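Student: Just need the structure, nothing else, for what follows:
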Amino acid sequence: MKIDIITIFPKMFVGPFKESIIKRAINKKLVEIKIHDLRKWSKDKHRTIDDKPYGGGKGMIMMIEPIAKALASLKSKKQNLNLKVILLSPRGKIFNQKKAKELSNLDHLILICGHYEGVDERVSKLIDEEISIGDYVLTGGEIPAMVVVDSVVRLIPGVLKSRETIKNESFQLVKINGKNLKLLEYPQYTRPEVYKGWRVPKILLSGNHHQIEKWRLKQSLKLTRQRRPDLLVVFLLFAKLLLPLTFLF
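Tutor: Down below sits the predicted model:
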């Protein structure tokens, strides 16, 4: 997979992609990540990439021309390439695990980091979609781009040592009574068995895998109800599913 990131602050990406899983993925040639300074495609000697908004208003707006030139330069000439161009923007759809999985199947991903007071609206004609990582304000799209890359790269086959690691992570779909539910991950424990009087639940030491799985499901449901009740809205849509699960709460 190839990932191109267009930014006006390329130095922000120096550290995050040179450590841990992403570094291993790059070394194994499972992903190629390149950071591009948008100012490279500016047409004047001052390397200008923003200007005042038409109609007045505060701040500066990123210009369409440098972005258009950057995309024209970075897009592959290959036909039928599985490619997506995404603008990191606070008005985009909220990024989630489902979207991460979708993007991990691409051949080529181009991320545009928005900044300042926004991007010229005509850029929307050059992209496939806009993505936001949450309902809060950041200084630009650089950190969101890092988040997207991290979550996408780890889903590329061969990046993680075990596919089971991906399968059992938080925000995965669990099939119950034929219905898919999105739940938080169950609690995890390791040695020592007792620490300052805090014990590992006995069920996890029992060796009874059927009961352990049942306990884990119950804990996932409990944590989801307490911390992310919004994920359980699906229960309201499938009323018949509620009764079999009441004993788990």
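Student: Give me the below-cutoff pLDDT ranges for the chain.
Tutor: Applying pLDDT under 70 to the chain flags the ranges 79-80, 162-173, 176-179, 234-249.
Student: If we use 90, what do you get?
Tutor: Across the chain, residues meeting the criterion (pLDDT under 90) sit at 43-45, 57-58, 76-81, 115-117, 137, 161-185, 221, 228-249.
Student: what's the single longest helix in it?
Tutor: The single longest helix within the chain, with elements called by DSSP state H, is helix 209-227.
Student: and that one, which residues are buried?
Tutor: The neighbour-count check on helix 209-227 (16 or more other CB atoms under 10 Å) flags 212, 215-225 as buried. Bear in mind the C-beta positions are built from the backbone N, C-alpha and C, glycine included.
Student: in stretch 196-205, what's buried?
Tutor: By neighbour count on 16+ other CB under 10 Å, the buried set for stretch 196-205 is Leu204.
Student: State the three-state secondary structure for the residue positioned nearest the centre of the chain.
Tutor: The residue lying closest to the centre of the chain (CA atoms, centre = their mean) is Val148, at 3.8 Å. With DSSP: H, G, I helix; E, B strand; the rest coil as the basis, the three-state label of Val148 is helix.
Student: unless I'm mixing things up, it is touching Leu111, no?
Tutor: Yes - between Val148 and Leu111 there is a contact under CB atoms under 8 Å: 6.5 Å.
Student: Pull up the overlap in contacts between these two.
Tutor: 86, 88 (CB atoms under 8 Å, 6 or more residues apart in numbering).
Student: if we can go back for a sec, closest to Lys69 out of the buried residues of helix 209-227?
Tutor: Minimum distance to Lys69 across the buried residues of helix 209-227 is 46.2 Å, recorded for Thr224 (CB to CB).
Student: which residues does the closest one contact?
Tutor: 183-184, 231-232.
Student: Does the nearest residue to Glu130 once chain neighbours are set aside lie in a helix or a strand, and which?
Tutor: Closest residue to Glu130 apart from its sequence neighbours, by CB to CB, 6 or more residues apart in numbering: Gly92 at 3.2 Å. Element membership of Gly92, judged by DSSP states H and E, is strand 83-94.
Student: That strand: how far from the chain's middle?
Tutor: Taking the mean of its C-alpha atoms, strand 83-94 sits 11 Å from the chain's own mean (CA atoms, centre = their mean, to the nearest Å).
Student: Can you tell me which helices and strands it packs against?
Tutor: helix 97-104, strand 108-113, strand 129-132, helix 142-153 (3 or more CB pairs under 8 Å, 6 or more residues apart in numbering; DSSP states H and E).
Student: Looking at those, which one is packed in the most?
Tutor: strand 108-113 (a mean of 24; mean count of other CB atoms under 10 Å).
Student: CA atoms only: put it into CSV for me.
Tutor: What follows is strand 108-113, C-alpha atoms only, in CSV (Å, rounded to 0.1, in the frame of the first residue of the first chain):
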residue,chain,number,x,y,z
HIS,A,108,-3.0,4.1,-2.7
LEU,A,109,-4.2,6.6,-0.1
ILE,A,110,-3.6,10.3,-0.4
LEU,A,111,-4.3,12.4,2.7
ILE,A,112,-4.6,16.2,2.7
CYS,A,113,-4.0,18.0,6.0
